[in-house]
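Asks: sequence plus the predicted model coming up.
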Amino acid sequence: MRLVLVLLGLLVAPMAAQAEFAQVTERDRFVSLIEGRDLTRFGIRLEVTPDGRIRGRAFGRDVSGAWRWAQGYFCRDLYWGSMELGANCQAVRQRGDTLRFISDQGTGRYADLYLR
C-alpha cells in the first residue's frame, strides 16, 4: 500500500507543477511572449505590440488601447468599440501558451488568453 501511495505521489506532483502559472514580472519577458503573436480566446483576437499598442476585435467590436509596464504589472488603457474600459494594472502569469491577466494588480478577476 505504501508503494502505491509513493508511486501516486510521483505521478501527481509533476502534473500539479505543470498546472501552475508562473508570474511574469519583467517587461522584456512579457514582450518575448507576445511579440509577433496574437492573444486569443473565443470571440477575442488581440495584438499587443512591443511599442505599447493594443488593437484587435472582441465580440464584433474593435478594440484599441495602449499599455506600459510599471513595477511588474501590465498597465493598460482600453477601448472596446466606443466604450472606454479605463486604466488597470494587471498581474500577468504564464503557463505554456496561456497568459492569465489578473486585474487590480493581481487581486481582481482574471482572463486567460492564448498565444497564437
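Replies: Done, it's in.

Asks: helix or strand right after the worst-scoring helix or strand of the chain on mean pLDDT?
Replies: Per-element confidence for the chain was summarised using mean pLDDT, DSSP states H and E. The lowest value among helices and strands belongs to helix 2-19, with a mean of 42. Scanning forward in sequence from helix 2-19 by DSSP states H and E, the next helix or strand is strand 22-24.

Asks: from the contact counts, what lies against that next one?
Replies: Using 3 or more Cβ pairs under 8 Å, 6 or more residues apart in numbering; DSSP states H and E, the elements in contact with strand 22-24 are strand 83-95. C-beta: built from backbone N, CA, C; applies to glycine.

Asks: rerun that using 10 Å as the cut-off
Replies: The helices and strands touching strand 22-24, judged by 3 or more Cβ pairs under 10 Å, 6 or more residues apart in numbering; DSSP states H and E, are helix 27-34, strand 83-95, strand 98-102.

Asks: roughly how far is it from the heart of the chain?
Replies: Chain-centre distance of strand 22-24: 9 Å, with Cα atoms, centre = their mean, to the nearest Å.

Asks: neighbouring strands of that strand in the sheet, and parallel or not?
Replies: Taking DSSP bridges as the criterion, strand 22-24 sits next to strand 83-95 (antiparallel) in its sheet.

Asks: hang on, Arg93 packs against Ala19?
Replies: No - the pair formed by Arg93 and Ala19 falls short of the contact definition of Cβ atoms under 10 Å, at 11.9 Å.

Asks: more neighbours: which of those two?
Replies: Arg93 (19 against 8; other Cβ atoms under 10 Å).

Asks: measure the nearest residue to the more buried one once chain neighbours are set aside to Gly96 for me?
Replies: Sequence neighbours aside, Phe21 is the residue nearest to Arg93 in space, at 3.5 Å (criterion: Cβ to Cβ, 6 or more residues apart in numbering). Phe21 sits 10 Å away from Gly96, going by Cβ to Cβ, to the nearest Å.
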